[in-house]
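Student: starting from these lines, generate the structure:
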Amino acid sequence: MTDFGERRRSQRVDAQLRMQLYLGADGEQRQAELETINISTSGVYFRSDRYLAPMTKLALGLEVRVPGPAAGQPDLALVQCQGLVVRVQPEEESPGADDYEVAVFFTWIEPEGQAILQSHIDLLMAGS
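Tutor: Alright, predicted model coming up:
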């Protein structure tokens with residue numbers, strides 16, 4: 001029997017992070033500041049008041065906590081990344097929908113961003 005359970009390679013954790021969203025990978029049109037539902041080093045899940053179709057390219061800025069210079073004092077970092085919408089609920093644009101839940105797979109993260117994101121996830125998992 002095949003197990004079709006969790007298929008993600010990256011640990012996903014609940015996180016309410018401030019996020020800046022730009023439509024198009026070149027970031028020409030800003031949508032708004034949003035908040036994430038959960039995050040991993042390979043993607044992000046968030047709510048949007050606007051429908052974003054699957055395969056839409058996005059540019060994102062994620063505000064994450066990382067260990068600060070003083071022991072035990074977290075600091076904030078802005079991780080810039082690009083991604084592709086892989087899932088949206090509801091699946092179609094609906095005039096009656098107040099919000100949509102959107103899953104994005106990262107296609108690019110700034111050079112230090114991957115390590116910063118992993119540090120933030122480690123902080124969340126440690127209960128900080």
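Student: run me through the strand neighbours of the longest strand along the chain, direction for each.
Tutor: Of all segments of type strand in the chain, defined using DSSP state E, the longest is strand 74-89. Applying DSSP bridges, strand 74-89 is found paired with strand 57-67 (antiparallel), strand 100-109 (antiparallel).
Student: what distance do you get for the residue positioned nearest the centre of the chain to S94?
Tutor: Closest to where the C-alpha atoms of the chain average out (C-alpha atoms, centre = their mean) is V44, at 2.6 Å. Using C-beta to C-beta, to the nearest Å, one obtains 22 Å as the distance from V44 to S94. Quick note: C-beta positions are derived from backbone N, CA and C, even for glycine.
Student: can you check M55 too?
Tutor: For M55, the distance to S94 - C-beta to C-beta - is 19 Å.
Student: then N38?
Tutor: In terms of C-beta to C-beta, N38 sits 23 Å off from S94.
Student: which of these two has more neighbours?
Tutor: N38 (16 against 10; other C-beta atoms under 10 Å).
Student: ok, what's across the strand from the more buried one?
Tutor: D14, Y45.
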